[in-house]
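Novice: The sequence isn't on hand, but the structure is:
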């Protein structure tokens, strides 16, 4: 795909920040903070620090464009977290879905992730496999149709995702177009 299309989005001191992997480079370098080349020319040019709203907008657009995306959290791979997630481990972002039913109105935002190792090392928080939220919010369940089994694939709310994961990797190339 070429290095100029690889991005790393991470939690920085001013919010979510973006670094680019330069052509023929091995290190990501800061190039922008949610500038128009990321969010489109219609956005303000000087956004300081991407807030979760800007992050959601980007992930939603990237998902629609079939970009490859992955996310990671923490740095200690030996840390056994209570929520089932593994630190310093990359999870594939499978699907980003917004505007889901939320207490009689639209607006809930969800992200599906996959642990490439599969098995039962999955998110064990709200909206995990077998969580009561699926029965409590049948409208969301009916739209997302989760496959409830220990296979490494799971859903979580965007709010939990944005508060827990601290790095997102994006290959900004439409994968459907590369197959044609």
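Specialist: Arrived safely. Bear in mind that the values here come from a model prediction, so they are computed numbers and not experimental data.

Novice: Tell me where this protein has helices.
Specialist: In the chain, the helices defined using DSSP state H lie at 36-39, 52-64, 133-136, 138-144, 158-164, 175-178.

Novice: List of residues touching the fifth one?
Specialist: This points to helix 158-164. 52, 55-56, 59, 71, 73, 83, 85, 96, 98, 109-111, 113, 125-127 (CB atoms under 8 Å, 6 or more residues apart in numbering). Every residue, glycine included, has its C-beta placed from N, CA and C.

Novice: and the residues you listed, which are buried?
Specialist: For those, a burial check counting by 16 or more other CB atoms under 10 Å picks out 55-56, 59, 71, 73, 85, 96, 98, 109-111, 113, 125, 127.

Novice: Out of these, show me where the pLDDT dips lowest.
Specialist: In terms of pLDDT, the lowest of these is residue 55, showing 86.

Novice: correct me, but it touches residue 16?
Specialist: Yes: between residue 55 and residue 16 there is a contact at 4.9 Å, judged by CB atoms under 8 Å.

Novice: ok so, going back, what's the closest of the helices of the chain to residue 150?
Specialist: Closest to residue 150 of these, according to CB to CB: helix 133-136, at 15.3 Å.
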